[in-house]
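**Q** Predicted model, plus sequence, below.
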Amino acid sequence: MSKVVVGMSGGVDSSVAAYLLKEQGYDVIGVTMQIWQKEDTCSVEENGGCCGLSAVEDARRVAAALDIPYYVMNFRREFQTSVIDYFTDEYLNGRTPNPCIACNRYVKWEALLNRSLSIGAEYIATGHYARVEQLPNGRYTLKHSKTLTKDQTYALYNLTQEQLRRTLMPVGAYSKDEIRAIAERIGLLVADKPDSQDICFVPDGDYASFIEETVKKQTGQELPAGNFVSPGGHVLGKHKGIIHYTVGQRKGLGLSLGHPVFVLEIRLETNEVVIGTYEESLTRTVRADGLNFMSVEDLTEPKRVFAKIRYNHKGAWCTVEKSGDDEVTCHFEEPQRAVTPGQALVLYDGEYVLGGGTIL
């Protein structure tokens with residue numbers, strides 16, 4: 001009987017994942033990853049999400065109902081280094097990070113997999129809406145989940161071959177409604193629990209204040225305001241600090257120029273936020289580095305693929321080609337808006353993830 005460690009967030013998806021794997025005959029162990037940085041009970045309970053005490057208690061109750069062993073494992077150090085520090089540094093460098101992608105790659109997979117292997121498990125499993133498949137060429141890749149509206153392959157594009165080989169994602173074969181129906185049928189208390197939406201370590205959604213407080217604690221300094229400028233350098237107004245803005249942003253700029261304007265670029269060297277029109281926010285060319293390929297070992301020739309430039313992007317057709325040892329360039333067939341440095345570019349070959357990288 002193969003042993004699998006299921007990452008249990010206290011939500012319905014990971015809870016049903018544990019149930020499905022037990023039904024399939026696996027020796028299932030439930031684990032909740034303790035990643036919240038604060039030690040006091042009140043702050044952890046208040047922040048909730050996937051790392052609060054309420055999540056732990058829900059996961060513990062589900063594990064008891066499923067009659068599987070359950071543990072809480074401390075991953076605070078890994079989460080601080082790989083997610084929170086990365087998140088803060090990216091914004092300070094004028095880029096827009098994706099903390100869920102970093103958490104998936106370095107905490108939920110790398111750290112959890114290593115810990116799980118050390119206790120004799122052969123696999124780890126999660127409640128993500130995606131499917132792992134091994135292709136005829138021997139490569140492991142991700143396949144779209146049953147319903148594209150819940151598909152989470154975008155946030156998992158940078159998992160390694162070894163991580164994919166040891167990953168089970170049973171939820172990907174079901175729709176969300178089917179998962180909730182299973183939870184209801186077997187009497188799980190989390191059957192109707194709402195999905196968590198916010199960045200778990202910024203529960204109020206005010207990421208700029210979080211970064212400002214972090215910087216002030218570390219350096220004692222406050223982040224400087226600067227100028228909004230046109231592409232040609234003409235000053236249009238004052239901004240609150242570059243961490244408050246992301247490429248493509250339209251709302252919350254505090255500018256009244258008589259027509260809609262968008263953030264086109266963040267110039268770190270001069271502390272300027274470049275503002276322009278909708279037409280100026282469009283581009284057909286996207287470059288990315290930090291590549292990770294899934295369905296192929298490498299890209300050897302230009303290829304027409306379907307690509308997403310952010311999680312909620314509907315996707316668009318482009319031709320991708322290598323433009324460096326660790327860089328690709330995509331030429332989109334239709335102009336794309338808000339191509340944002342720091343976000344992921346994920347490439348699809350049919351239903352499968354070809355690979356991806358970080359937008360430059």
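**A** Looks like it came in fine.
**Q** where in the stretch 51-200 of the chain is pLDDT low?
**A** By pLDDT under 70, the low-scoring segments of the stretch 51-200 of the chain are 51-53, 197-198.
**Q** Do a quick rundown of the helices in it.
**A** According to DSSP state H, counting those that start in this stretch, the stretch 51-200 of the chain carries its helices in the segments 53-66, 76-79, 85-92, 99-103, 112-118, 161-165, 176-185.
**Q** beta partners of residue 265?
**A** Taking DSSP bridges, one obtains residue 274 as the residues bridged to residue 265.
**Q** My guess is it contacts residue 275. True?
**A** No - at 9.1 Å, residue 265 and residue 275 do not qualify as touching, with contact defined as CB atoms under 8 Å. C-beta: built from backbone N, CA, C; applies to glycine.
**Q** Between the two, which has more neighbouring residues?
**A** When residue 265 and residue 275 are compared on other CB atoms under 10 Å, the one with more neighbours turns out to be residue 275, at 26 against 17.
**Q** can you tell me which residues contact that one?
**A** 228, 229, 230, 236, 253, 255, 257, 261, 262, 263, 264 (CB atoms under 8 Å, 6 or more residues apart in numbering).
**Q** likewise residue 8?
**A** For residue 8, the residues meeting the contact criterion (CB under 8 Å, 6+ apart) are 14, 15, 18, 30, 31, 32, 59, 62, 63, 70.
**Q** Could you do residue 145 as well?
**A** If you count contacts by CB under 8 Å, 6+ apart, residue 145 has them with 129, 130, 131, 151, 152, 153, 171, 172, 173.
**Q** cool, and residue 303?
**A** Applying CB under 8 Å, 6+ apart, we find residue 303 in contact with 319, 320, 321, 349, 354.
**Q** Next one, pLDDT for it please.
**A** Turning to residue 303, the model gives it a pLDDT of 98.
**Q** what are the phi and psi values for it?
**A** Phi and psi for residue 303, reported as degrees, to the nearest 10, are phi -140, psi 140.
**Q** So which residues of the stretch 201-350 of the chain form strands?
**A** Under the criterion DSSP state E, counting those that start in this stretch, the stretch 201-350 of the chain contains strands at 226-229, 235-239, 262-267, 272-276, 282-293, 303-308, 316-324, 327-337, 344-349.
**Q** Would you reformat the ones you listed as a markdown table and include distance to residue 136?
**A** A markdown table is the format used below for the strands of the stretch 201-350 of the chain (distance: least, CB to CB, whole Å):
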| stretch | distance to residue 136 |
| --- | --- |
| strand 226-229 | 53 |
| strand 235-239 | 52 |
| strand 262-267 | 43 |
| strand 272-276 | 47 |
| strand 282-293 | 16 |
| strand 303-308 | 18 |
| strand 316-324 | 22 |
| strand 327-337 | 24 |
| strand 344-349 | 13 |
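**Q** Tell me which of these sits most buried.
**A** Among the strands of the stretch 201-350 of the chain, ranked by average contacts under mean count of other CB atoms under 10 Å, first place goes to strand 344-349 (a mean of 24).
**Q** Which strands or helices does it pack on?
**A** In terms of contacts (3 or more CB pairs under 8 Å, 6 or more residues apart in numbering; DSSP states H and E), strand 344-349 is packed against strand 282-293, strand 303-308, strand 327-337, strand 352-359.
**Q** would you put the C-alpha positions of the shortest one in PDB?
**A** Only the C-alpha atoms of strand 303-308 are listed here, as PDB (Å, rounded to 0.1, in the frame of the first residue of the first chain):
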ATOM      1  CA  LYS A 303       5.900  26.800 -31.700                       C
ATOM      2  CA  ARG A 304       2.300  28.100 -31.800                       C
ATOM      3  CA  VAL A 305       0.800  27.800 -28.300                       C
ATOM      4  CA  PHE A 306      -2.000  29.100 -26.100                       C
ATOM      5  CA  ALA A 307      -0.600  31.400 -23.400                       C
ATOM      6  CA  LYS A 308      -1.800  33.100 -20.200                       C
END
